[in-house]
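A.B. asks: How does the following fold in three dimensions:
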Amino acid sequence: MLGAGTAVKPLGESDRDFALGLCAADPDMHVFVAARILEGGLSDGRAATLGYDRGRRSALCWSAANVVPVGGDRKAMVALADAVCGRRRFASSLFGPSELVQAMWAHLEPAWGPAREVREVQPVLTMRELPSHTGHRLDPEVRLATEDEVSIVMPAAEAMFTEEIGYPPYRGSGSTYRAGVAALIRRGHTLVRVEEGRVVFKADFGSVALGAAQVQGVWVHPELRGRGLAVPAMASVVEHALKHVARSVTLYVNDYNTAALATYRRLGMVQSGVFSTILL
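C.D. replies: Numbers count the residues shown, from 1 in each chain. This is a model prediction of the structure:
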């Protein structure tokens, strides 16, 4: 735990239980931060995990390329925002539970300037029951990507990122981005459908912690959209996750992405919260 009388301080490995305890209050909502902590984020000098210790109002904030708050109330968010303010050059986005993000952003915006884009309502959807048990057809062609398929997964990953964020995932050398794609594949966290040597469907388990798996990077090749591929493909992704990875599968999606929302809800995913994302 943090020292008595301390408002906000950087967290280290000795604060691991404190940090994971806050995330465990709602693993589906806080799996991103919990996964970063379990991957060694509290000892990573490139990230500053900030804690606010006030009993039931305790909170923390992951502050690296993404700024992500966990727990607390508006007062906690203001205190954390003050501490995060000086790290603007590191951040590309602020995201997480909507009420926490909005409270932080109200305090950060005057110092950081206007956002590139505000995605205020992003339903968080969750599923805990095997799709095969609820009558959904699985796509038998969806499988784990193999380590020798990094080169064909890369174009799909790049296309998804560019469509979602609005700019490419890297400029110049793509070695760092390729390493990230390869790491997900190596962990068994990327599923694909491959046709004629190209990836036509992809999904990743971007964060796995505390019994939850967060799906990210869902992508269907533009030529195959609207042909009924997405629901059985996602059914296979959820089925695999619940059998081999976690007890719950979660993701968040922009409220204006009606096609994606329809796919996930048709599969049986239910809303468990709301995220907001501030793109910087």
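A.B. asks: What's the separation between Cys61 and Arg88?
C.D. replies: Distance, Cys61 to Arg88, by Cβ to Cβ, to the nearest Å: 14 Å. The C-beta positions use only the backbone N, C-alpha and C, and glycine is treated the same way.
A.B. asks: Could you say which helix or strand holds Val194?
C.D. replies: Here Val194, judged by DSSP states H and E, is contained in strand 190-195.
A.B. asks: ranges for the helices of the stretch 101-250 of the chain?
C.D. replies: 150-165, 175-186, 230-244 (DSSP state H, counting those that start in this stretch).
A.B. asks: contacting residues around the shortest one?
C.D. replies: Pointing back at helix 175-186 there. 144-147, 149-150, 153-154, 157-158, 169-170, 190, 204-206 (Cβ atoms under 8 Å, 6 or more residues apart in numbering).
A.B. asks: Next, the angle from that helix to helix 150-165.
C.D. replies: Going by axes from the mean of the first three to the mean of the last three Cα atoms, to 10 degrees, helix 175-186 is angled at 110 degrees with respect to helix 150-165.
A.B. asks: got the buried residues for helix 175-186?
C.D. replies: 177-178, 180-182, 184-185 (16 or more other Cβ atoms under 10 Å).
A.B. asks: the strands in the chain, which residues?
C.D. replies: 8-10, 48-52, 59-63, 66-71, 93-97, 117-127, 143-144, 190-195, 198-209, 212-220, 248-252, 270-279 (DSSP state E).
A.B. asks: mean confidence for the shortest one?
C.D. replies: Translated: strand 143-144. Confidence over strand 143-144 (mean pLDDT, whole number) is 98.
A.B. asks: and that strand, what does it pack onto?
C.D. replies: Packing contacts for strand 143-144, counted by 3 or more Cβ pairs under 8 Å, 6 or more residues apart in numbering; DSSP states H and E, involve strand 190-195.
A.B. asks: Apply 10 Å and report the result again.
C.D. replies: strand 190-195, helix 230-244 (3 or more Cβ pairs under 10 Å, 6 or more residues apart in numbering; DSSP states H and E).
A.B. asks: How far away from the center of its chain is it?
C.D. replies: Centroid displacement of strand 143-144 relative to its chain, using Cα atoms, centre = their mean, to the nearest Å, is 20 Å.
A.B. asks: and the residue positioned nearest the centre of the chain, how far is that from Leu20?
C.D. replies: Among the residues of the chain, the one closest to the centroid is Phe32, at 5.2 Å (Cα atoms, centre = their mean). To Leu20, Phe32 is 13 Å away according to Cβ to Cβ.
A.B. asks: okay, and the common contacts of the two?
C.D. replies: By Cβ atoms under 10 Å, 6 or more residues apart in numbering, Phe32 and Leu20 have these common neighbours: Ala209.
A.B. asks: now Ala209: how far from Cys23?
C.D. replies: 7 Å.
A.B. asks: Now for these two: what residues contact both?
C.D. replies: Contact criterion Cβ under 10 Å, 6+ apart; residues bridging Ala209 and Cys23 by contacting each: 30-38.
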